[in-house]
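[1] Predicted structure and sequence below. I'll ask about it afterward.
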Amino acid sequence: MEKKGQKSTNAYMIYAGITTVIWATAAVFTQSAQESFSSQSAGVIRYLFATAAILVVMAVKRIGPPSLKDVPKFLLSGFLGFTCYVTTFNLAMESITGATCSIIGQVIPILTAVFSCVILREKIPLRGWTAIAMAFAGILVMALWNGAFSVDPGILWMLLAAVSLSAYNLTQRVFVKDYTAFQATAYSIIGGTLFLLVFLPGAVPEMREA
């Protein structure tokens, strides 16, 4: 018979697995979308639909806005996790393959662990640091594959996307203490979408032509 703690751990593993599968499809669908839209337009259109769906759910469940004092925090979280991430991720997809993006994206949980160690003072065991070193060594090999000092701009964009999303993950660790998982995510997505609206004027004509 499983203990309560074991059940919780198993549930978290399932959630993490589902998240990984869904996240893995992003590169494929982004490449498809970029056949008709620019990187910036694809980002704002994607999150306009996401925000619309979230607002409907919030209305049905009668979920109100966050505390006024937390609004700046959600704006920062939204900028890091959605505005900055989706923009840099889409720019990366312009010059590197989805497979390369996915491989580099694997450093996101590693960077999250490093940030947690530095900022939240969480401990990382020796095997964790070993895995981190191996991951970054692999990225270095990929970055320098075509020449000793030749780095594809797409790899740099993807690394920036990874850093941005890792920082976002850290903010969520803080938010879930006072908000539900849905609220923390929803408020952040809405905040990120507000920043992405700067790209809307260019997206409208592209939507008409798509």
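    Right, received. Where do you want to start?

[2] right, and the helix or strand after the strand or helix carrying residue 141?
    For residue 141, the enclosing helix or strand under DSSP states H and E is helix 126-143. Counting by DSSP H and E, the next helix or strand C-terminal to helix 126-143 is helix 153-175.

[3] Excluding covalently adjacent residues, which one is nearest to residue 96?
    Counting by CB to CB, 6 or more residues apart in numbering, residue 96 lies nearest to residue 154, which is 3.6 Å off, once chain neighbours are set aside. Every C-beta, even on glycine, is put in place using the N, C-alpha and C of the backbone.

[4] Next up, the contacts around that neighbour.
    Residues near residue 154 by CB atoms under 8 Å, 6 or more residues apart in numbering: 91-96, 100-101.

[5] is it possible to export these to a markdown table including neighbour count and pLDDT?
    As requested, those are exported to a markdown table (neighbours: other CB atoms under 10 Å; pLDDT from 0 to 100):
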| residue | neighbour count | pLDDT |
| --- | --- | --- |
| 91 | 20 | 89 |
| 92 | 28 | 87 |
| 93 | 24 | 84 |
| 94 | 14 | 83 |
| 95 | 14 | 80 |
| 96 | 19 | 78 |
| 100 | 19 | 72 |
| 101 | 22 | 74 |
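
[6] So which of those is the closest to residue 65?
    residue 91 (31.6 Å; CB to CB).

[7] ok, that closest one to residue 42 distance?
    Distance, residue 91 to residue 42, using CB to CB, to the nearest Å: 10 Å.
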